[in-house]
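Engineer: build me a model from this:
(chains A and B)
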Amino acid sequence: MSEFKRILVANRGEIAVRIIRAAAEMGIETVAVYSDVDRLALHTRLADFAYRIGPPPATESYLDIDRVLEAAKKSGAEAIHPGYGFLAENADFAQRVTDVGLVFIGPPPQAIRDMGLKTRARQIMMEADVPVIPGTESAVSVGKEAEEIARKIGYPVLIKAASGGGGKGMRIVEKPQDLLKSMEAASREAASAFADPQIYIEKYLENPRHIEVQVLADHHGNVIHLNERECSIQRRHQKVIEEAPSPVITPDLRNQIGQAAIAATKACGYTNAGTVEFLFDRHKKFYFLEMNTRLQVEHPVTEMTTGFDLVKEQIRIAAGEKLSFSQEEVKISGHAIECRIYAEDPLNNFYPSTGRIKYLHPPAGPGIRNDSGIFEGGEISVYYDPLVSKLVSWGRDRTEAIFRMKRALSEYHITGVRSNIPFCLLVMNHPEFAKGSIDTHFISDHVRIEDMAEGPEELKRIAAVAAVMANHFKQKIPALSPDGRIGSLSPWLTAGRKASLQ
Amino acid sequence: MKYFAAIEDESFEISLIGEDRLSVNGEVFHFDVRRGTKPEHFSLILEGRSHQVWIEEGEKRTAGAPCPWRVHLHGFDYEVCVEDERSHRLRQFAGADTSSNEAGQVLAPMPGLVVKLLVQPGQKVEKGEGIVIVEAMKMENEIRAGVSGEVKEVRVSDRQAVEKGEILAVIG
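Structural biologist: Numbers count the residues shown, from 1 in each chain, chains lettered A, B, ... in the order given. Next up, the predicted model:
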């Protein structure tokens, strides 16, 4: 089968830039789509072609299937890469792309559907002998039956939305008397967030680790795994820091969890890139959580430790080629850590920080990769998520990766919007993180908001001096003299002399 | 020239001495400051140690001196309140009452939609307690009280759209 000549990227920001770069390296032309606020975005400017698809709201642009397909038609693209988020896990979109004669760079629509409904995914996994968290096989209604099921599973239990994720429609129930009330609340939340009130019950694993496995499957029956990623550092069920490999996975466990992931992939007829998520408990048992039928945000840590380019592989698979490497060629080289840099204010409860980026100085140097979709002068708007960039460090071992990340974070400067850089640094400096003692409760257990402004003592003193200096010059507009000294006659000197005259 | 700077509960008394020295809480340092490549960027050498500092306008409100500066250095962020000697003396003599009501205002930090009111007028709240939940950028954000006290007013209702900086509630 021939390779594609032109592909459309149905996304924006960092991942759109990532896909455009991979395609450019393969000699494939790219088509960008942009909303009105993204006219000058990096992805719009880097692509070979660009088509406007609507006003800023995602529902009227990046989520508008008709407009995206229209742009594909006009541009002569042969395939569409959906990235992550937006339409990436929309089975209808995947189907419609195929219906109009284009190739969807991702899994078959049915696999997206099956893995998208959590209860169905559980059924498929159980049939494939993939270990799942003890729980109900299908949706449960409030009532005596639910009480009996919860009693059998054993408290504490977790109520989850059948059609959702991200923490919505989720409730932990410690005591039997709270069960029915929690089920009703979870169902209401699920109905509101996912238009589906169905919920199911699972055993609640205490302090689990979130470990996921990257898989690749082509259309020739080849299915391989590219090791695991540890994604336990989460805030409000959203991943913030990820790494590969996981500090607790031994080669033997890696093989077991890898085989389970391959079985899961085959069980739902999956092709292209995907990720099988597991929860790993204190007894070193792992359980299937869900499958993400797309390329994930944290894929760089896998790329950095295996040396393979996942996006290029996705494009090759979609073009009908065999996987360009075998399971035997997948090794682990060193250790990689990723910090998601968000425009949020860590000193103000992590509120999203919108605005124009005035100054951007990302880090560089050995072992540093920064996947970014923003640029100086660009805007973090209310219409899309506030991801600034993905900062990734690689080291020969976990310790070097941590020190490199610390070094990179302290070099990363952004003005115009706030960022969670101080938060990431706090985690990197935490002794429990250094030990690898992490689980999904790490942030709530170990990180306090107050710590965000607790650097080494002398830094506060310097911050105070700097602020006083800024205050002093607030009313003046100092010219930048040739030697950079503030003002030709430094106002500090003037103030100093005045003071000594008193 | 003397200034008073505060970061959370810590305070610093900073004075200029001559042309190239300053004192911080009595300790004397040699210093040299230059503007960097952008307006917010400064290079500060204090007793030989070199520091890059980025300074922007802050936004946090606390009872007491205004906090206009957000300082970023070595990967850490600080909110710094600064006042000169005269303002500092005035505020001390007048007492806590002259600290602006602004401290008790609970503001929307970004445009969004009110999805839940967590308190009622008359209710006593602690600093840091949740007052209102505002949905923005696909996430629910709990807006918290900056001071302890009694909820005097709740100015918004459920499902109301709010602008950045809009007053959601007042604590007195």
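
Engineer: and the helix or strand of chain B with the lowest mean pLDDT, how far out from the chain middle?
Structural biologist: Here the helix or strand of chain B ranked lowest by mean pLDDT, DSSP states H and E is helix B:85-94, holding a mean of 75. Distance, stretch centre to chain centre, for helix B:85-94: 18 Å (CA atoms, centre = their mean, to the nearest Å).

Engineer: so which elements touch it?
Structural biologist: strand B:2-7 (3 or more CB pairs under 8 Å, 6 or more residues apart in numbering or on different chains; DSSP states H and E). From N, CA and C alone the C-beta is placed, and that goes for glycine too.

Engineer: so is the strand it packs on next to chain A?
Structural biologist: Yes - contact of strand B:2-7 with chain A (CB under 8 Å from any CB of the partner chain) involves B:3, B:5, B:7.

Engineer: so where's chain B uncertain?
Structural biologist: B:60-67, B:93-102, B:138 (pLDDT under 70).

Engineer: and it, what are its domains?
Structural biologist: Listed by automatic domain parsing, the domain ranges of chain B are B:2-98, B:101-171.

Engineer: how about those in a markdown table, adding distance to A:Lys175 and mean neighbour count?
Structural biologist: Shown next, in a markdown table, are these (distance: least, CB to CB, whole Å; neighbours: other CB atoms under 10 Å in any protein chain shown):
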| stretch | distance to A:Lys175 | mean neighbour count |
| --- | --- | --- |
| domain B:2-98 | 39 | 17 |
| domain B:101-171 | 24 | 17 |
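
Engineer: A strand includes A:Lys266, no?
Structural biologist: No - residue state for A:Lys266 (DSSP: H, G, I helix; E, B strand; the rest coil) corresponds to helix; a strand is not indicated.

Engineer: what number of residues lie near it?
Structural biologist: 14 (other CB atoms under 10 Å in any protein chain shown).

Engineer: OK, contacts around it?
Structural biologist: A:128, A:217, A:223 (CB atoms under 8 Å, 6 or more residues apart in numbering or on different chains).

Engineer: if any of those are buried, give me the PyMOL selection for them.
Structural biologist: Remark: buried members of those, expressed as a PyMOL selection using 16 or more other CB atoms under 10 Å in any protein chain shown:
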select buried, chain A and resi 128+217+223
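
Engineer: circling back to that earlier point, can you redo the domains of chain B as CSV with distance to A:Arg254?
Structural biologist: Below are the domains of chain B laid out as CSV (distance: least, CB to CB, whole Å):
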stretch, distance to A:Arg254
domain B:2-98, 33
domain B:101-171, 34
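
Engineer: and those domains: which comes nearest A:Val17?
Structural biologist: domain B:101-171 (20.6 Å; CB to CB).

Engineer: from the middle of its chain, how far away would that closest one be?
Structural biologist: 17 Å.

Engineer: before we move on, back to that, indicate which one of the domains of chain B is closest to A:His441.
Structural biologist: Of the domains of chain B, nearest to A:His441 by CB to CB is domain B:101-171, at 18.9 Å.

Engineer: do the closest one and chain A meet at all?
Structural biologist: Yes - using CB under 8 Å from any CB, we find that domain B:101-171 touches chain A at B:109-111, B:136-139, B:141-144, B:164.

Engineer: just the ones of those residues in strands?
Structural biologist: Assigned to strands by DSSP state E, the following of the residues of domain B:101-171 next to chain A qualify: B:136, B:139, B:141-144.

Engineer: JSON lines please, covering those residues and showing distance to A:Pro109.
Structural biologist: Output for those, formatted as JSON lines (distance: CB to CB, whole Å):
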{"residue": "B:Ala136", "distance to A:Pro109": "32"}
{"residue": "B:Met139", "distance to A:Pro109": "29"}
{"residue": "B:Asn141", "distance to A:Pro109": "35"}
{"residue": "B:Glu142", "distance to A:Pro109": "38"}
{"residue": "B:Ile143", "distance to A:Pro109": "41"}
{"residue": "B:Arg144", "distance to A:Pro109": "44"}
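
Engineer: which of those residues lies closest to B:Asn25?
Structural biologist: B:Arg144 (31.0 Å).

Engineer: what's the offset of the host helix or strand of A:Arg340 from the middle of its chain?
Structural biologist: Using DSSP states H and E, A:Arg340 falls within strand A:335-342. Offset of strand A:335-342 from its chain centre (CA atoms, centre = their mean): 9 Å.

Engineer: ok, then the element right after it?
Structural biologist: Using DSSP H and E, the first helix or strand after strand A:335-342 is strand A:344-345.

Engineer: give me the beta-bridge partners of the closest residue to B:His51 other than its chain neighbours?
Structural biologist: Counting by CB to CB, 6 or more residues apart in numbering or on different chains, B:His51 lies nearest to B:Leu44, which is 4.7 Å off, once chain neighbours are set aside. Beta-bridge pairing for B:Leu44 (DSSP bridges): B:Val33, B:His51.

Engineer: what sits against B:Leu44?
Structural biologist: Shown in contact with B:Leu44 (CB under 8 Å, 6+ apart): A:462, A:465-466, A:469, B:31-33, B:50-53.
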